[in-house]
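In: Would you be able to build a 3D model of this:
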Amino acid sequence: MEAFLAHLTQVRRLSVSTVRAYRSDLADLGRAVGDGDLATVDLETLRDWLWRATQRGDARSTLARRAAAVRSFFGWARETELVPVDPSLRLVTPRRVKTLPVVASADGMRELLEQRRSAASGGDPIALRDHAILELLYAAGIRVSELCGVDVDDVDLHRRTVRVVGKGDKERIVPFGRPAADAVGAFLTRGRDALLARSTASTPALFLGARGARIGPRSVYALVTRALGPVVGTEHVGPHALRHSAATHLLDGGADLRAVQEILGHASLGTTQIYTHVSAERLTAAYRLAHPRA
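Out: Numbering: from 1, shown residues only. Below is the predicted model:
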């Protein structure tokens, strides 16, 4: 497994989060199989493993990822002659249920960010940081992993751009607006040093946790859940909802689909096109409410 994960990282250059997920999936398979030889794993073993995951209540997306992990692993094992045959060739991937992403309204986002700006006006370092995080996530539409990886030198407040490292270690420069620039600038001026003083070590990270180290995804998830949950009406919401909202509002405002693709860092235009469906759904809902013959 370690050799396979090294192959994913060094040769296929998959993201850290993908490699981490595959490690978890294969470790779970290893516990199910036990100490038997790798060549003893057959199709029925893999089917039983996935069936037990369904009994646990794993989501369809999780089952699909697990199937992809074992197919990738056994394909590699066959190529490297660790197994005589690939038992995963006929493993059926559960179909994902297509659902539209959670999107906040533009008015809801405006009200939320204004509340956070007012809360940060008192100068509390955490409030300044939280306001800057929410503004930047929404303004730039970046992933939570990209936000956590941003260093101070990656932000250009004059040009209003941020350099992020996305999936596959691909770098891109993303623009953001003046409200985000003001929020990030206020945090850099009045909040970051106060948080940094709580740690004995220095760090180039832009956003810091309560103890002065680089902030982690879990802390950002908790922040977004508290802030955005009441706006969209569900507790099951995370930073990606701000990315969804940014993309949808860009398209609603007339942005070109390929420009949105570049901003989001999608490798495929097809991934970006889901937001055209979100916009169409909103348009249809408005039509049905407003047109007398809808």
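In: and Phe207, what pLDDT?
Out: On the pLDDT scale, Phe207 is placed at 98.
In: That one against Gly216, yeah?
Out: No. When contacts are counted by CB atoms under 8 Å, Phe207 is not listed as touching Gly216 (9.8 Å). Where C-beta positions appear, they are placed from N, C-alpha and C, glycine not excepted.
In: Tell me the residues that contact both of these two, please.
Out: Cys148 (CB atoms under 8 Å, 6 or more residues apart in numbering).
In: Neighbour count for those two, which is higher?
Out: Taking neighbours as other CB atoms under 10 Å, Phe207 and Gly216 compare with Phe207 leading, 25 against 13.
In: contacting residues for the nearest residue to the more buried one once chain neighbours are set aside?
Out: Sequence neighbours aside, Ile215 is the residue nearest to Phe207 in space, at 4.5 Å (criterion: CB to CB, 6 or more residues apart in numbering). Ile215 makes contacts with Arg129, Ile133, Cys148, Ala205, Phe207, Leu208, Gly209, as judged by CB under 8 Å, 6+ apart.
In: Of the residues you listed, which is the nearest to Val85?
Out: Cys148 (41.7 Å; CB to CB).
In: Give me the buried stretch members for stretch 252-266, please.
Out: Val260, Gln261, Ile263, Leu264, Gly265, His266 (16 or more other CB atoms under 10 Å).
In: Could you find the two of these that are most distant from each other?
Out: Val260 and Gly265 (10.5 Å).
In: Can you pull out the low-pLDDT segments for this protein?
Out: Along the chain, the model assigns pLDDT under 70 to residues 94-100, 278-283, 286-287, 294.
In: tell me the domain ranges of it?
Out: Domain assignment for the chain, taken from automatic domain parsing, gives 2-79, 106-234.
In: Can you give me the end-to-end span of the first one?
Out: In other words, domain 2-79. With CA to CA, to the nearest Å as the measure, the ends of domain 2-79 fall 16 Å from one another.
In: What's the separation between the residue most central in space within the chain and Glu44?
Out: For the chain, the residue nearest the mean C-alpha position is Arg143 (4.5 Å; CA atoms, centre = their mean). The spacing between Arg143 and Glu44, counted by CB to CB, to the nearest Å, is 38 Å.
In: and stretch 108-126, how far from the chain's centre?
Out: Offset of stretch 108-126 from its chain centre (CA atoms, centre = their mean, to the nearest Å): 23 Å.
In: my read: Val102 touches Ala241, true?
Out: Yes. In this structure, Val102 is within contact of Ala241 by CB under 8 Å, at 4.7 Å.
In: In terms of neighbours, single out the busier of those two.
Out: Set Val102 next to Ala241 and count neighbours by other CB under 10 Å: Ala241 wins out with 23 against 19.
In: Run the chain-centre distance for the helix or strand encompassing that one.
Out: According to DSSP states H and E, Ala241 maps onto helix 240-252. Centroid separation between helix 240-252 and its chain, computed with CA atoms, centre = their mean, is 13 Å.
In: Repeat that for stretch 160-171.
Out: Its chain's C-alpha centre and that of stretch 160-171 lie 13 Å apart, by CA atoms, centre = their mean.
In: What residues sit buried inside it?
Out: Buried residues in stretch 160-171 (16+ other CB under 10 Å): Arg160, Thr161, Val162, Arg163, Val164, Val165, Gly166, Lys167.
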